[in-house]
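Q: I would like the atomic coordinates for the input below:
(one chain, ligands or ions: 2)
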Amino acid sequence: MMEIIKQLTKFKNRKYNKKIEINLINDINNKIKANKNNEHLANEMWEIKTIFLAQNFYLIFIESLYKKQYYYAWCTLEKCELKINELDRHASEKIKDNYYFHFLKFQVKRWQAIYPYKLFTSPEFIHKKVRCSICNEIISPRGNCKHIIGELYSGEICYCTVEELELIGIAIVKNPVMKSNVIDPEGKNKNFSGLNMILNTLNTPFQYWDINYTKEFIPKKFITESSDSLCPCGSGLSYLMCCQRKNGCLIPHMQIIPYNQDIKNKLDTHLSIGLKISDYLYQKKYS
Ligand SMILES: [Zn+2]
Ligand SMILES: [Zn+2]
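A: Residues are numbered from 1 along each chain as shown. Ligands and ions are numbered 1, 2, ... in the order given. Have a look, this model is predicted:
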């Protein structure tokens, strides 16, 4: 237990180590099992385990970005996000304040917004047979299971295991349930320069930064879109039907604002990099 706390505190200075992770997770899982009857203690251990995994996913994410494994990094970031969501719902303020939860919650969304991934497939299923992961009962209106999906029970999150399902269709969506279902993640048209720019400009990947969405006026002579392509202003109309008759076009523009120390000091810093990447025109919003 002491070792895992040490790892959590060292977050900004440690490297991901799979062997250490496996050992510590095994260890804490055994302790959770042994303390099943002490719900409070088991849940506290779950918090430690989950923030450790969230930190580790972030470390793997950064490592993969440096290696330019963008899609793998994206999928790892989603795993980090899922852990963050679980912690958001179930962890104590003490855990959140002490082990970089707020940093992760803030930054994961920003990294996702910089990615040039906008379209996803989303399979639609009818679940025919579903089991509760806590009591192993089949979930049905007349069943005995009283557990609620997503709730924490003695150090274990309740989820459902789908044993039989029927695929009814696949939709193409902008906000997928599974972010890993990107269409053409390694495609030639994908522009990752924003990610690299951020990585190369920050002093450390553990620094806070934010995105400032603005608009920039581009005179007509610099606009290369043809009449029937989408207007660069992002309206969704064709260029002909939108800004072509004007003397220029207001184009969405992203500014990356790194913070020197902490999110609280954001007004004191003036550093900013402009990013102008047509890929990001149809902006993503984060909450
Ligand atoms: Zn149950
Ligand atoms: Zn326009």
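
Q: CA only for contacts and neighbour counts going forward, please
A: Fine.

Q: give me the pLDDT value at the residue in the stretch 151-287 of the chain that ligand 1 sits nearest to.
A: Distances from the stretch 151-287 of the chain to ligand 1, computed as CA to the ion, single out C158 as the nearest residue at 7.7 Å. In this prediction, C158 carries a pLDDT score of 96.

Q: who's in contact with it?
A: Shown here is C158, whose contacts under the criterion CA atoms under 8 Å, 6 or more residues apart in numbering are C132, S133, I134, H147, I148, I149, G150, E151, L152.

Q: now it: how far from E78?
A: The span separating C158 from E78 equals 19 Å under the rule CA to CA, to the nearest Å.

Q: what do you get for H102?
A: Plainly put, H102 is 16 Å away from E78 if you go by CA to CA.

Q: what residue ranges in the stretch 51-200 of the chain score low on pLDDT?
A: Scanning the stretch 51-200 of the chain for pLDDT under 70 picks out nothing.

Q: now the strands: where do they sit in it?
A: When assigned using DSSP state E, counting those that start in this stretch, the strands of the stretch 51-200 of the chain occupy the ranges 120-132, 152-153, 156-157, 160-173.

Q: could you export the first one as PDB, CA atoms only?
A: Only the C-alpha atoms of strand 120-132 are listed here, as PDB (Å, rounded to 0.1, in the frame of the first residue of the first chain):
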ATOM      1  CA  PHE A 120     -16.900   7.400 -35.500                       C
ATOM      2  CA  THR A 121     -18.800   4.200 -36.100                       C
ATOM      3  CA  SER A 122     -21.300   3.300 -33.500                       C
ATOM      4  CA  PRO A 123     -22.800  -0.200 -33.600                       C
ATOM      5  CA  GLU A 124     -26.300  -0.500 -32.300                       C
ATOM      6  CA  PHE A 125     -27.300  -3.700 -30.500                       C
ATOM      7  CA  ILE A 126     -30.200  -5.300 -28.800                       C
ATOM      8  CA  HIS A 127     -28.900  -6.900 -25.600                       C
ATOM      9  CA  LYS A 128     -30.600 -10.300 -25.300                       C
ATOM     10  CA  LYS A 129     -28.900 -11.700 -22.200                       C
ATOM     11  CA  VAL A 130     -27.100  -9.500 -19.700                       C
ATOM     12  CA  ARG A 131     -25.500 -10.500 -16.400                       C
ATOM     13  CA  CYS A 132     -24.700  -8.400 -13.300                       C
END
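
Q: count the residues that sit near the residue nearest to E81 when sequence neighbours are not counted.
A: Spatially, and ignoring its direct neighbours in sequence, E81 is nearest to V108 (6.7 Å; CA to CA, 6 or more residues apart in numbering). V108 sits with 17 neighbouring residues when counted by other CA atoms under 10 Å.

Q: contacts only, for V108.
A: V108 touches L77, C80, E81, counting by CA under 8 Å, 6+ apart.

Q: filter those residues to keep only those in contact with ligand 2.
A: The subset of these within reach of ligand 2, by CA under 5 Å from the ion, is empty.

Q: I am finished for the moment; much appreciated.
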